Structure formats: C-alpha cells, structure tokens
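# How does the following fold in three dimensions:
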Amino acid sequence: MSDVKEKPPMYSYVANWSIPRAQWADMEKANAADQKVLDKALADGTIVGYGSDMNLIHQPDGETHDDWWSAMSMAGLLHVLEQFYKAGNATSPVLASATKHSDSLYVSRHYNRHAGSWKDVYTHTASFKLKADAPSNAVDMLSKNLFEPLMEKMLADGVIHEYEIDTEAIHTTDPGTFWIFYIAADAEGLDKINAALQATLKANPLGGPAFESMVDFSAHRDGLLRSAAAYK
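The predicted structure is shown next:
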C-alpha cells in the first residue's frame, strides 16, 4: 500500500477549441491577452496554476487548442471565468472563428507540481474508462498504488513539472472515465516516463493485472500537446 497522503481536491477548467490554421497566430495573441487576468489570480491565490496547449496529434474532428486554469475550489475557477466574460475575452474574434468548442471541469485528488513557469514543454494526456464491475474506489486504488508513486519519482527527478489524475466534476462524458495528465520538462521526458512505466509494471507484477482488471482498454485514448504553464 502506498503511503501517499490524501490531498484536498483541486479543480481545473479547460476550454477546448478547434481553430482554423490561418488563425493560429491570433490564438497566441489571445492567450497573451488573457495572461494579465490569470497572473493576478495566481498571485492572489484565486488559482494555483494556468496554461494553454496546442495539439500536436491532430484528428479530423478534434480540438487544436485549449486554455485552462486550476484552483482549490470551483468558486476560484468561476471567478476567473466571470472576469473573462465581463472583459469580452470569451467572445474575441479568434474564438468566434472556432469550428468546434467544448468545456470540461475536472477534479483531482492525486496531483503534485513544481512552482514556476514554462514554455514549449510537452503535456501527455491519457484517458481511460473503468469497467462496469470495477470497484467504486478504483481510481483511488490505482492512483495510490500504481500511478502516483511513479509520478512522484518522476517529479522529484525533474522529468516532469506537474501531474494529476482527474475525473469530471461536471459530467459530460461517461462517469467511469478518468484521465492522467503530466507535463514533461522536455521531449526526452516523454521517453523517460515510458521507460519508467514499463519498469514499474515489470517490478510490480500485480500492478499490471490489477489495472487490466479494472479498465476497458478499448476506450483508451492518448493526446500530446505543446504547452505553456505556470504554477504557484
């Protein structure tokens, strides 16, 4: 059993956008315009982190960009969102050009991070769906005993800057879905994580079968993003 301590819930708001390629430079400008609001919210403790991502693995109907921020309460997220609505940021011309848009609100009880800010780092996302007969605490069990010890080591070694294991706080997908996000310090970090994961599964022969017994891998999907992020 892992000795990882229970953490208070951290909430994250993510706005996903499909932006025409001709407007990608305008999306960078819109992100820069948002930064004043986000920096102030980070400094006063309303949020604990924020960032933006550009998708590197494009799909015909998939998102190209996202913006996100994290807080220790849903109220913190919504205070920032209201500021964007009032300032008109949410209806900027580049966002109006989006061919698709969706929002997500996640909650995590398994996370950690380095304080600081980074540009042109890489975020790996992995979504999984629990089997119908998985235990009600399956995400906690897998996190504490398999994912979190690995991610904590990678964080301590400087391979990653942040990780979180999320479920939806506002359900817009299957309630059995969970996500593993991590921000690699550089491209080499992606290879290091993959190697460490294989080593972990080899050293923990019960971990792999436990994971497979709880997860429907036919629903598994990955994503790779180029990111800018700041954490307090």
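
# Identify the bridge partners of Phe128.
For Phe128, the beta-bridge partners under DSSP bridges are Phe178.

# Per-residue pLDDT of it, please?
You'll see Phe128 listed with a pLDDT of 97.

# which residues touch it?
177-180, 215-217, 219-220 (CB atoms under 8 Å, 6 or more residues apart in numbering). In short, each C-beta sits where N, CA and C put it, glycine included.

# Name the nearest of these relative to Val14.
Using CB to CB, Trp179 comes nearest to Val14 of these, at 10.1 Å.

# quick one, what contacts that closest one?
106, 125-128, 165-167.

# Show the pLDDT at Gln198.
Gln198 is given a pLDDT of 89.

# Would you mind writing the ChimeraX command to select the buried ones in the contacts of Trp179?
Restricted to buried positions by 16 or more other CB atoms under 10 Å, the ChimeraX selection for these reads:
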select :106,125,127,128,165,166,167
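
# Go through the contacts of Phe128 and say which is closest to Trp69.
Trp179 (16.5 Å).

# Now His101: closest residue in space that isn't a chain neighbour?
Trp17 (5.6 Å; CB to CB, 6 or more residues apart in numbering).

# Just confirm Ala15 is within a helix.
No. Ala15: not assigned to a helix; according to DSSP: H, G, I helix; E, B strand; the rest coil it is strand.

# which residue ends up closest to the midpoint of this structure in space?
Phe181 (4.4 Å; CA atoms, centre = their mean).

# residue contacts, that one?
With contacts taken as CB under 8 Å, 6+ apart, Phe181 has the following neighbours: 123-126, 162-166.

# before we move on, what about Ala228?
Contacts of Ala228 by CB under 8 Å, 6+ apart are 31, 51-53, 117-121.

# pLDDT on the strand or helix carrying Thr167, on average?
Here Thr167 sits within strand 160-168, counting by DSSP states H and E. Averaged over strand 160-168, pLDDT sits at 98.

# roughly how far out does it sit from the chain middle?
Centroid displacement of strand 160-168 relative to its chain, using CA atoms, centre = their mean, to the nearest Å, is 5 Å.

# Not counting it itself, show me its contacts.
Contacts for strand 160-168 (CB under 8 Å, 6+ apart): 10, 12, 49, 104-114, 116, 118, 121, 139, 143, 147-148, 151, 154-155, 175, 177-185, 189, 193, 229, 231.

# And the helices in the chain?
24-43, 74-87, 93-96, 138-142, 148-156, 187-203, 207-214 (DSSP state H).

# mind exporting the shortest one as CSV, just the C-alpha atoms?
It refers to helix 93-96. Below are the C-alpha coordinates for helix 93-96, written out as CSV (Å, rounded to 0.1, in the frame of the first residue of the first chain):
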residue,chain,number,x,y,z
PRO,A,93,-12.7,37.2,-32.9
VAL,A,94,-10.3,34.3,-32.9
LEU,A,95,-12.6,32.3,-30.6
ALA,A,96,-15.5,33.2,-32.7
